[in-house]
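A.B. asks: Here's my sequence, what's the structure:
(one chain, ligands or ions: 1)
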Amino acid sequence: MAESSASRGSWNSKLGFIMAAAGAAVGLGNIWRFPTEAASNGGGAFLFIYLICCFLIGYPVMLAEISIGRRTGKNPVGAFRKLGSSRMYSLIGIWGVLCGIMILSFYTVVAGWTLSYTFEEIFFALGFTNWAAWISNTESGWLNAFFSAIFMCCTVSIIRGGVSNGIERATKIMMPLLLLILIILIGYVAYLPGSSEGLTTYLKPDLSKVTPGLIFAAMGQAFFSLSLGLGALITYGSYLDKKENIPQAAVMITILDVLVAFLAGLLIIPAIYLAQTQGITIYQNGAFIAGPDLIFQILPSLFHSIGGLLGSLAGITFFALLSMAALTSTISLLEIPVSYTIDEHNVPRSKAATWIGLGILLISLLISFNTELIGIIDFVFSQVGLPLGGIMICLFLAYEWKTGNAFDELESGSPNFRYSIIGKSWKLFVMFICPAVILYNLIRGFF
Ligand code: PHE
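C.D. replies: Residues are numbered from 1 along each chain as shown. Modelled structure (predicted):
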């Protein structure tokens, strides 16, 4: 965002917005959460339902959020207040801000692990295996706290300066590199004997495994991965130029995000099968027992099995890139409460970023010493909270702001969108299909 322009700033270019939104979307959700969820929910069946959720539910909600953001030029709370007839509607934004804060609090801890494992790989490469083992102990509360704090400091310092320049530039370099290294590693793993069972599990959906619980998990994953339901894209949309084509940008963001998740699964699910044969316990008696540090157990042993300079290089680059991907996501998460505080309470950006960042870090410290909280907070605020936010956003747009107004906004940059097939279907989806399907699956999945 160019802080110099106008009052709130805007993205430097069209690619700037897509890059920033894709940077927000691509993160631990794709490489840590997706493979873990897929592995615990039948692999291919999960992938299949996840893809449907991304395109048929995620994409419509994404259009809704970006159009609300650009129309109002505000943070989520201010946006709903501005477009709604009653102040009550700002509660939707407040729920989003709360979800953002809580998600960021555990996200920072997991992001800290990506940092500690970058060091683990460096120490391992240098032959300091004891140090490598010491620094990567995810059960040490102090280490978790230390790395979370470093991560939060990086996030705060970038947010203090305004988001755009850093994110736009970092994402442009990071994203292609991340894709490249994923593809190389996938090739390597596919080549190893013992991985083919994992490949089949992942690529051949066994539809008999589709249960209400699986659909519930896949839907939550789609919201988490695309950063939907909490107003992250309302915030980013508020910095977007009127000329830009929102429906097109949203397609690119969705495809890129889904692609990274798909590739991460293609690497990690076969690697899980390999690891099982090497004695790492992931399933016991057919049940999934791995914890939130699953990928941090699997991947290093993979890099070490490659060995030599190549293995070290792969390991260090992978975890370093993953930290960067996580950073562009923590930036978008912190930007939600920060933009709210700047807009609604007139607090200067640097002060808002520092104090909110510190406040959230306190929760992260608590989680650092009690990592079992990750699953609980993730369940309440991502798995249930984000789809709930999605329902409210759709209903608000359809019945309070009205789709006609949303089309006016979307057609700035995408002329005649309302008459296109995608436009007509979108209206149907936000008005009826998305809220009904999300609600149905939330209730069924919950019970
Ligand atoms: N989408 C991010 C990821 O996949 C996480 C995130 C969720 C970011 C919600 C912003 C808002 O890692």
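A.B. asks: shouldn't A149 be in contact with L362?
C.D. replies: No - here A149 lies out of contact with L362, judged by C-beta atoms under 8 Å, at a distance of 10.5 Å. Where C-beta positions appear, they are placed from N, C-alpha and C, glycine not excepted.
A.B. asks: Residues of the stretch 251-400 of the chain that sit close to the ligand?
C.D. replies: Among all residues of the stretch 251-400 of the chain, those adjacent to the ligand (criterion: C-beta under 6 Å from any ligand atom) are 329, 332-333.
A.B. asks: before we move on, back to that, so which of A149 and L362 has more stuff around it?
C.D. replies: Ranked by neighbour count (other C-beta atoms under 10 Å), A149 and L362 place A149 first, with 17 against 9.
A.B. asks: So what touches the helix or strand hosting the more buried one?
C.D. replies: Element membership of A149, judged by DSSP states H and E, is helix 141-160. Outside helix 141-160, the residues that touch it by C-beta atoms under 8 Å, 6 or more residues apart in numbering are 108-109, 111-113, 115-116, 135, 137-138, 166-167, 323, 326-327, 330-331, 334-335, 338, 349-350, 353-354, 357-358, 360-361, 364-365, 367-371.
A.B. asks: Same question for stretch 233-243.
C.D. replies: Here stretch 233-243 has contacts from 1, 8-11, 14, 17, 20-21, 24, 62, 65-70, 72-76, 79, 93, 96, 164, 227, 246, 332, 335-336, 339, 412-413, using C-beta under 8 Å, 6+ apart.
A.B. asks: Now do the contacts for the residue in the chain that the ligand sits nearest to.
C.D. replies: Nearest residue of the chain to the ligand: G29, at 2.1 Å (C-beta to the nearest ligand atom). For G29, the contacting residues are 221, 224-225, 227, 261, 329, by C-beta under 8 Å, 6+ apart.
A.B. asks: I68 too?
C.D. replies: 79-80, 83, 234, 237, 393, 397, 401, 406.
A.B. asks: helix, strand or coil for it?
C.D. replies: helix (DSSP: H, G, I helix; E, B strand; the rest coil).
A.B. asks: ok, the residue lying closest to G375 once chain neighbours are set aside to E197 distance?
C.D. replies: Leaving out its chain neighbours, the residue that sits closest to G375 by C-beta to C-beta, 6 or more residues apart in numbering is P292, at 6.5 Å. Per C-beta to C-beta, to the nearest Å, P292 is found 24 Å from E197.
A.B. asks: before we move on, what about G29?
C.D. replies: 26 Å.
A.B. asks: for I181, same thing?
C.D. replies: Taking C-beta to C-beta, one finds I181 at 24 Å from E197.
A.B. asks: Tell me which of these two has more neighbours.
C.D. replies: I181 (19 against 15).
A.B. asks: where are the low-confidence patches of the stretch 301-447 of the chain?
C.D. replies: Low-confidence segments of the stretch 301-447 of the chain (pLDDT under 70): none present.
A.B. asks: And the strands in it?
C.D. replies: Taking DSSP state E, counting those that start in this stretch, the stretch 301-447 of the chain contains no strands at all.
A.B. asks: how about the helices of it, start to end?
C.D. replies: Along the stretch 301-447 of the chain, the segments classed as helices by DSSP state H, counting those that start in this stretch run 308-345, 349-369, 372-377, 385-396, 403-411, 421-428, 434-446.
A.B. asks: what about the residue lying closest to D206 once chain neighbours are set aside, which helix or strand?
C.D. replies: The shortest distance from D206 to any non-neighbouring residue, by C-beta to C-beta, 6+ apart, is to A45 (5.5 Å). Assigned by DSSP H and E, A45 belongs to helix 44-53.
A.B. asks: what does that helix rub up against?
C.D. replies: With contacts defined as C-beta under 8 Å, 6+ apart, helix 44-53 is touched by 34, 37-38, 201-210, 214-215, 217-219, 221-222, 258, 261-262, 265.
A.B. asks: Filter those down to the buried ones, ChimeraX style.
C.D. replies: Selection of buried members from these for ChimeraX, criterion 16 or more other C-beta atoms under 10 Å:
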select :34,37,38,201,202,205,210,214,215,217,218,219,221,222,258,261,262,265
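A.B. asks: Up against the ligand, what does the stretch 101-250 of the chain have?
C.D. replies: Counting by C-beta under 6 Å from any ligand atom, the stretch 101-250 of the chain sits next to the ligand at 103, 224-225, 227, 230, 232.
A.B. asks: I'd like those as TSV, with neighbour count appended.
C.D. replies: Formatted as TSV, these follow (neighbours: other C-beta atoms under 10 Å):
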residue	neighbour count
I103	26
F224	28
S225	27
S227	31
L230	34
A232	27
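A.B. asks: from what I can see A325 touches I173, true?
C.D. replies: No - in this structure, A325 is not within contact of I173 by C-beta under 8 Å, at 11.6 Å.
A.B. asks: between the two, who's got more neighbours?
C.D. replies: A325 (26 against 11).
A.B. asks: Roughly how far does the residue nearest to that one when sequence neighbours are not counted sit from A232?
C.D. replies: Of all residues not flanking A325 in the chain, G27 sits nearest, at 5.0 Å (C-beta to C-beta, 6+ apart). Note on G27: its distance to A232, by C-beta to C-beta, is 11 Å.
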